[in-house]
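>>> Dropping the sequence and predicted coords here.
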Amino acid sequence: MKIAVIGVTGMVGTVMLRVLEERNLPITVLIPVASERSAGKKLAYKGKEYTVVTLADALEMKPDIALFSAGGDTSLEWAPKFAAVGTTVIDNSSAWRMDPTKKLVVPEINGDVLTKADKIIANPNCSTIQLVMALAPLHLKYKMKRVVISTYQSVSGTGVKAIKQLDNEEAGIDGEMAYPYKIGRNALPHCDVFLENGYTKEEMKLVKEPKKILRDSSFSVTATAVRIPTAGGHSEAVNVQFENDFDLKEIRQILTDTPGIIVQDDLANNLYPMPITAFDKDEVFVGRIRRDESQENTLNLWIVADNLRKGAATNTVQIAEYLIANNLV
Ligand code: 2RA
């Protein structure tokens with residue numbers, strides 16, 4: 001299996017390589033791809049040294065699968081070119097997610113939508129992935145009516161420049177700003193750009209993507225996405241009203257039994273999910289499970305995951321695993 005990693009020197013691309021190595025995909029040829037500026041750089045994979053190549057070089061090599069994490073513009077230009085030579089592209093940008101002709105996939109939830117004909121597949125937004133991982137089994141059982149989400153997102157979701165800003169602030173150094181304000185000891189209700197309706201692009205991803213993944217637009221969603229000075233992962237306070245009532249014990253059991261979910265909810269021992277304990281793990285952690293006593297059939301959850309792993313690199317690699325395991329590439 002020839003697998004290309006596009007954007008291999010970026011934050012998500014670097015994690016993709018690690019996840020590919022950890023999960024031991026049947027790679028016969030690895031094609032590390034980056035911008036012209038990074039072409040020629042050396043990197044190690046499974047103890048072997050590889051040379052970073054350009055997109056044009058990689059296209060000529062006709063990979064079986066290309067994992068893209070190089071931004072929407074690069075994906076819009078190059079994904080169709082790779083698809084045209086028979087490559088199956090799995091893209092981390094938002095470029096294709098809401099395209100009605102493209103699949104938006106969390107393998108544990110809707111991997112079954114994938115076919116051999118899918119040559120450009122969209123990886124959902126990180127905050128969407130952890131949300132639907134927890135809500136999908138509950139929706140199946142109790143049918144969601146309305147979801148209210150408040151996110152607390154790590155600076156790693158913005159990228160290297162934001163991590164550097166936080167590091168500089170903590171070191172008392174004036175440096176380049178990734179945000180309009182200081183992020184240290186602060187909270188910015190501003191993830192991505194503002195839209196005409198007063199929401200941000202990040203918030204509208206949370207409104208739209210779950211409906212496509214769950215193949216159900218009957219429930220309503222509203223979201224507020226907030227950036228906070230953490231570096232471990234994204235957290236979400238979720239209030240979900242169901243069409244039907246539920247039993248809390250059954251909710252816990254359903255979540256406990258869901259592959260990829262770890263319930264951390266032992267208040268007597270202060271056990272609940274946190275970014276520092278979710279960091280560098282592939283699971284989605286759920287806690288603070290409690291009934292919303294102000295409204296019928298309504299549940300509160302706290303959901304935490306590493307936005308670079310299950311939120312991006314691991315889910316992308318899991319889609320590749322699903323394709324390979326089901327002979328779809
Ligand atoms: C963020 N989910 O956290 C977006 C993109 N990674 O900024």
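It's in.

>>> Could you look up the SS state of the residue nearest to Thr277 when sequence neighbours are not counted?
Spatially, and ignoring its direct neighbours in sequence, Thr277 is nearest to Phe285 (7.3 Å; C-beta to C-beta, 6 or more residues apart in numbering). (Glycine included, C-beta is placed from N, CA and C.) With DSSP: H, G, I helix; E, B strand; the rest coil as the basis, Phe285 sits in strand.

>>> Could you check the pLDDT of Phe285?
Phe285 carries a pLDDT value of 98.

>>> who's it bridged to?
With DSSP bridges as the criterion, Phe285 is bridged to Ile262, Val304.

>>> Near it, how many other residues are there?
Applying other C-beta atoms under 10 Å, we find 26 other residues in the vicinity of Phe285.

>>> List the residues that contact the residue in the stretch 101-250 of the chain that the ligand sits nearest to.
The stretch 101-250 of the chain approaches the ligand most closely through Gly157 (2.0 Å), counting by C-beta to the nearest ligand atom. With contact taken as C-beta atoms under 8 Å, 6 or more residues apart in numbering, Gly157 is in contact with Cys126, Ser127, Cys191, Arg227, His234, Asn307, Gly311.

>>> so of these, which ones are in strands?
Residues of the contacts of Gly157 located in strands (DSSP state E): Arg227, His234.

>>> For the buried ones among the contacts of Gly157, write the corresponding PyMOL selection.
The buried subset of these, as determined by 16 or more other C-beta atoms under 10 Å, is captured in PyMOL by this line:
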select buried, resi 126+127+191+227+234+307+311
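
>>> would you list the contacts of Gly157 in TSV and tack on distance to Pro107 and pLDDT?
As requested, the contacts of Gly157 are exported to TSV (distance: C-beta to C-beta, whole Å; pLDDT from 0 to 100):
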residue	distance to Pro107	pLDDT
Cys126	15	98
Ser127	18	98
Cys191	25	97
Arg227	28	98
His234	19	98
Asn307	18	98
Gly311	14	96
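
>>> and the contacts of Gly157 as TSV, adding distance to Lys205?
Listed next are the contacts of Gly157 as TSV, based on distance: C-beta to C-beta, whole Å:
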residue	distance to Lys205
Cys126	9
Ser127	7
Cys191	9
Arg227	14
His234	12
Asn307	13
Gly311	12
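
>>> Show me which pair in the contacts of Gly157 is furthest apart.
By the measure C-beta to C-beta, the contacts of Gly157 have their two most distant members at Arg227 and Gly311, which lie 14.6 Å apart.

>>> What are the boundaries of the helices in the stretch 151-300 of the chain?
160-171, 201-213, 248-256, 275-278 (DSSP state H, counting those that start in this stretch).

>>> With distance to Asn92 and mean pLDDT added, can I get those helices in CSV?
Below are the helices of the stretch 151-300 of the chain laid out as CSV (distance: least, C-beta to C-beta, whole Å; pLDDT from 0 to 100):
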stretch, distance to Asn92, mean pLDDT
helix 160-171, 16, 96
helix 201-213, 13, 98
helix 248-256, 26, 98
helix 275-278, 19, 96
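
>>> Identify, out of those, the most deeply packed stretch.
helix 201-213 (a mean of 22; mean count of other C-beta atoms under 10 Å).

>>> Report how many residues lie close to Lys42.
9.

>>> And the residue nearest to it when sequence neighbours are not counted, which helix or strand is it part of?
Leaving aside its sequence neighbours, Lys42 sits nearest to Glu49 (C-beta to C-beta, 6+ apart; 5.4 Å). Using DSSP states H and E, the element containing Glu49 is strand 48-51.

>>> Show me what that strand is in contact with.
Under C-beta under 8 Å, 6+ apart, the answer for strand 48-51 is Leu30, Pro32, Gly40, Lys41, Lys42, Leu43, Ala44.

>>> if we can go back for a sec, give me the subset of the contacts of Gly157 that also touch the ligand.
Contacts with the ligand within the contacts of Gly157, counted by C-beta under 6 Å from any ligand atom: Cys126, Ser127, Cys191, Asn307.

>>> So which bits of the top helix by length along the chain are buried?
The single longest helix within the chain, with elements called by DSSP state H, is helix 126-142. Residues 126-139, 142 are the ones in helix 126-142 that count as buried (16+ other C-beta under 10 Å).

>>> Repeat that for stretch 91-102.
Asp91, Asn92, Ser93, Ser94, Ala95, Trp96, Arg97, Lys102.

>>> Dump it to PDB, restricted to CA.
The C-alpha coordinates for stretch 91-102 follow below in PDB (Å, rounded to 0.1, in the frame of the first residue of the first chain):
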ATOM      1  CA  ASP A  91      -8.800  15.300   3.800                       C
ATOM      2  CA  ASN A  92      -8.600  17.000   7.200                       C
ATOM      3  CA  SER A  93      -9.600  20.500   5.900                       C
ATOM      4  CA  SER A  94     -13.200  21.900   5.900                       C
ATOM      5  CA  ALA A  95     -13.000  22.100   2.000                       C
ATOM      6  CA  TRP A  96     -15.100  19.000   1.200                       C
ATOM      7  CA  ARG A  97     -17.000  18.400   4.500                       C
ATOM      8  CA  MET A  98     -20.400  19.800   3.500                       C
ATOM      9  CA  ASP A  99     -20.100  18.900  -0.200                       C
ATOM     10  CA  PRO A 100     -23.100  16.800  -0.900                       C
ATOM     11  CA  THR A 101     -21.100  14.500  -3.100                       C
ATOM     12  CA  LYS A 102     -18.500  13.800  -0.500                       C
END
